[in-house]
Structure formats: structure tokens, C-alpha cells
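can't give you the sequence, but here's the structure:
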Ligand SMILES: Nc1ncnc2c1ncn2[C@@H]1O[C@H](COP(=O)(O)OP(=O)(O)O)[C@@H](O)[C@H]1O
Ligand SMILES: O=C(CO)[C@@H](O)[C@@H](O)COP(=O)(O)O
């Protein structure tokens, strides 16, 4: 009987978590299981709290118990579905959205799960897209620039409101008692690892991209933190303390009580966690420079590898060993892509279209894709800016908002839908050009994540707008496969896995056989539309006219 050797990969996304069980000998996914987060993204009211516990505007919280449920439900489910015994599983890897962070006590218990703090919004998990830290971010950017901090250039020249320090500083400003009582502020990916192994081991990938940690220099010096606020001076020795471990290492081994709960073997190697989008690079099989991987879901992250450290303005960051040991990993991003389509599905679709979709036995999103496919590029005369959740790269400005131009009394919903798809493609192209203009050539384009599997029109538009072929990751669960790759490396050769991430990625990461190819007539029309997009980007996003920000402030 065939008894495959397997690795478990657990991917924690924005709305749900999933487990995959992967055969380490060939990368075949033997079983997968998704557990939606029961509390989803918390934007209005705290769970189980009194009516006075409203969540303020621009906040995005999560419930840590939802993450544990992913382990408790999805791991036993994949073992059972694949008919695999605990002994056949050699390692476990985790990937998580980032910076998704929470305050915990010294035993890693989330403060929000304690009765005395559960009514306090600041005790809960702050999701990566918790965007209410602009005041703190502005302060951090001002101090960093005034002090000419040398590390800022590695982060595109600007600190993002999505990162660890703005979130910690917001807690200090608005809830000093939570700041005081938290033993640690911890990335949710590191928290899951701590729950599994009983120790705090911080991910070098997450600390590097989201907490200013550098493999040679460590964190910025205490006097930088003190200049921001004297109470922050020792933060890296206290609330951000804990060994930072480079990717590709074992974090520790599975605690007996967790093994019993999950149906796994005590002592199972558990890998250091990785940012979700970065894990998708591995799952796509990419481990060399010159290849841009777009990980397209709620948001899109754009990942590149290089032998050189180049400080590219406007990108999220460059961190050595963060994706593939020995290479520099680069990240840029669009803070909303699928989220924009989800917004339009919810707010912009008339009942008549919903009924048409139901009649055709299609989801509304699939029905809209079909209608939009019948349009030619430029036919609707509509152009949109994809900033509904701010612009992460290359403008790094969470205060920007989306816009749609060129509407008339005849404009139809599927025309707006197509313009939104195109806007995200223009946003992606502006990121690719940022890399190219900074000595990071892009020779190949890859797409991973949930969306490329679901929307062929979108992928064709991206290929036309970027004028490049696009290879699509084989599985809808690419980040989870990347996590399973980390699990196989945590096991090591002696444990039946792989010695290096490169070795494991070469076998376990995959793309589909076909590619999306640019259609020449579309390419030239999109070239014109992209120029118009760039003009609007400069005008509304780079100081020509700050009307979008002024409107936002009036809200
Ligand atoms: N057919 C579709 N076309 C475009 N976007 C889609 C489609 N179906 C779902 N989406 C979007 O995909 C996003 C979820 O992406 P996914 O990769 O599954 O999850 P996550 O971002 O949480 O990892 C949602 O924002 C949703 O709007
Ligand atoms: O910001 C990052 C990575 O740096 C992502 O975790 C974040 O955009 C969320 O990713 P998803 O869109 O949920 O896959």
C-alpha cells in the first residue's frame, strides 16, 4: 500500500484559514480544508461585549479563538480525508497575514480573552488592514526622517500604517493600561507557533518586513524609540523581545496536549512562520531572481527575489533571507484588490442582475465576469483608481480613496466592474515599473492566491495591461503549500523532508501548464489607458490635488 510522507501547511488569510496535507515526494495536495473565521473581520462591535463596545471607524480586529479553530477543525479534517496517519506527517508550517498583531500575557494568553480586558478594543487582534494608526504613522515618519534613520530606505522611504510599530504606538497612546499589561506584542503567526510549541520564536520574515528588524543590525537603537516616546525606549528588549529566527528553521516541536487535540504526533517539527504572500512564492515554485509573483486575494502582494539589496522608493521593503535563504526578498503591495470587487458586489449590483445570475446558476461575481468579458478595452469610457483601501505601493498612502471617472447616464454595472478590474491591473503595472526602474528587471510574471483561479477575464486583463505572459500557480492554496514546504524543511532530510527551502520548493511548488498571453490589440489600448491612469495617479495621489484626502477628513 502507498503510504506517502506528508507535510502540513496551515494558511491564515483575512477571512478564513486552511490546512493542506501535501505529499513531500511530489507536492501533490492529498487533502485540503477551509475553516472560515466565525467572527470574520470585526469592524463594528466587539464579540460578546456590552453595547457600549463599538469598534471605532477604520479599525479592523479579529478574534484569536477563530485562528485556533482553524487548527482544531482543519487539521483533523485533512488527516481524515486523506486517510493519513499521524506518523506519516513529518512537519508542520504556518503562514499568516502580517502585520496582524495582538497583546498577550507572559504565558502567551491573548489579553482580549481575559474578562478584565474583553471590553477593550485595544486588547483584541489588530488585523493587517487596521488603518486607524495614521497619526502614529505620521509621527513615526517625521521622527525617522528628522533623525535620518539609515534603515528607512530599506522600507521604500516611508513607514506604513499597517506595520507593528504604529499599532504598538496607538495602543500606548490610546490605551496605556493595555500597553502596560501586555507582556508581548506578537505577530499572530508567531502566536500560533507559540501555542503549538510553547515558546516564543519570532519569524525573521515577519520581523524583517513589519518590525524593522535586520539580520545583521537587529532592531533600530533604543534612542530612536525613545525619540518617538520615552515609554518606548526598551520596547525591543521587553514587549517585542524573543529570539528572531530566520526562515527555513525549526521553531520547536509540537506540545503533547496540542498533538492530542490535533491528532498529530507529539514532538512533530514546527517551522518558523512566514508572511502569507511570501509563502505563496514557494508554493508557486519560484526561488530565483527576475520573477515577479503577484499574490492576489483580498489584497495583492508583489514579491521579487534578487542577489542584490536595492533600496527601492515606494515599495514595502527588502529583507535578506525572508523568502529564500541567501537572496533578498522584496515586497510591494496593493491594499485592496479582491476587496474592491467584494465591495462592488455588495454595494453596486442591482437586483435584476442578481436575479439573472441566479437564473444562469452562476455566482454574481462569475455572471459579472461573463458580462464584462463581452466589452472591449476602452469601450465603456470609464477609468478607475484602485485606492478604496488606500495605496500601499508605490505611494504608501493609506489616506487615499478610490475614484471612478467617465460615467454617464448610460453606464452599466458590468462596465464599472470591468473598470475596477482594470484599475487593479494598472496598479499592479505601476508596481512592476517601480521595480524595473530601480534595477530589478522583471522577466517573468506569476499569479497566485485565490483570484487567479476564479477569474480568467481578470488574468487576461493583467496580461494585456502588463504586456507579459502570466503563469498561474497550480493550486488555489498556494500559500498553504508554501507553509507545507516550510514544514518539510523543519523536518529536515533526516526527518524525511528537505535540507533547504530551494530543494523543497523545486519539488513541491508548481504552476499550471498553460499561460495567459497578451492580446496585441488590447495591449495598445491599455497602453493609452495606463497613461491616463498615471496622469490621474500623479494628480490625485502625488500632491497635484489632495481632494481625496480632504473628503476623507470631512467624514
Ligand atoms: N470570481 C472572482 N473574481 C474576482 N475576485 C474574486 C472572485 N471570487 C472571489 N473574489 C475575491 O477574492 C478575495 C478572497 O481571496 P482569497 O485568496 O480567497 O482569500 P484571502 O485574501 O483571504 O487569502 C475576496 O476579496 C473576493 O472578493
Ligand atoms: O500585507 C500582507 C503581507 O505583507 C498580507 O498579509 C495582507 O496583504 C493580507 O493578505 P491577503 O490578501 O489576506 O492574502
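Cool, got the structure. Since the structure is predicted, the reported quantities are computational estimates derived from the model, not experimental observations. Residues are numbered from 1 along each chain as shown. Ligands and ions are numbered 1, 2, ... in the order given.

wait, does the longest helix seen in the chain make contact with ligand 2?
Using DSSP state H to assign secondary structure, the helix with the most residues in the chain is helix 413-436. No - using C-beta under 6 Å from any ligand atom, no contact is recorded between helix 413-436 and ligand 2, whose separation bottoms out at 12.3 Å. C-beta here means a position set from N, CA and C on the backbone, and glycine is covered the same way.

Same check on stretch 54-74?
No - under the criterion of C-beta under 6 Å from any ligand atom, ligand 2 is not reached by stretch 54-74; the shortest gap measures 10.8 Å.

Now the nearest residue to residue 400 once chain neighbours are set aside, what are its backbone angles?
The shortest distance from residue 400 to any residue other than its chain neighbours is 4.2 Å, reached at residue 387 (C-beta to C-beta, 6 or more residues apart in numbering). The phi and psi torsions at residue 387 (degrees, to the nearest 10) take the values phi -110, psi 30.

Mind jotting down where the helices sit in the stretch 151-300 of the chain?
Taking DSSP state H, counting those that start in this stretch as the test, the helices found in the stretch 151-300 of the chain are 164-174, 176-181, 188-197, 204-210, 222-228, 256-262, 276-283.

residues from the stretch 201-350 of the chain in reach of ligand 2?
Neighbours of ligand 2 within the stretch 201-350 of the chain, by C-beta under 6 Å from any ligand atom: 275, 276, 277, 297, 298, 299, 301, 331, 333.

Residue 82 contacts residue 6, correct?
Yes - between residue 82 and residue 6 there is a contact at 7.5 Å, judged by C-beta atoms under 8 Å.

joint contacts of these two?
21, 30 (C-beta atoms under 8 Å, 6 or more residues apart in numbering).

Neighbour count: these two, which is higher?
residue 6 (28 against 20; other C-beta atoms under 10 Å).

For that one, which residues are in contact?
Contact analysis of residue 6 by C-beta under 8 Å, 6+ apart lists 21, 22, 23, 24, 30, 82, 84, 88, 89, 90.

Top of the residues you listed by number of neighbours, please.
Ranked by the number of neighbours (other C-beta under 10 Å), the contacts of residue 6 place residue 22 first, at 33 neighbours.

now that one, nearest residue through space, not along the chain?
Taking C-beta to C-beta, 6+ apart, and ignoring the residues beside it in sequence, residue 22 has residue 484 as its nearest neighbour in space, at 4.0 Å.

What's the separation between that neighbour and residue 60?
Remark: distance between residue 484 and residue 60 (C-beta to C-beta, to the nearest Å) = 28 Å.

quick one: which of these two has more around it?
More neighbours sit around residue 484 than around the other of residue 484 and residue 60, counting by other C-beta under 10 Å; the figures are 36 against 20.

before we move on, back to that, so the residue nearest to residue 22 sits in a strand?
No - Residue 484 is assigned helix when assessed by DSSP: H, G, I helix; E, B strand; the rest coil, not a strand.

ok, of the contacts of residue 6, which one's closest to ligand 1?
residue 22 (17.9 Å; C-beta to the nearest ligand atom).

How is residue 136 assigned, secondary-structure-wise?
For residue 136, the secondary structure call by three-state DSSP comes out as helix.

neighbours around it, how many?
Using other C-beta under 10 Å: residue 136 sits among 23 other residues.

Which positions in the stretch 401-550 of the chain make contact with ligand 1?
Counting by C-beta under 6 Å from any ligand atom, the residues of the stretch 401-550 of the chain near ligand 1 are 449, 450, 451, 454, 455, 458.

how far away is the closest residue to ligand 1 within the stretch 351-500 of the chain from residue 311?
For the stretch 351-500 of the chain and ligand 1, the shortest gap (C-beta to the nearest ligand atom) falls at residue 450, measuring 2.4 Å. Computed with C-beta to C-beta, the distance linking residue 450 and residue 311 is 32 Å.

out of those two, which sits in the more crowded spot?
For the pair residue 450 and residue 311, the greater number of neighbours falls to residue 450 (19 against 16), based on other C-beta under 10 Å.
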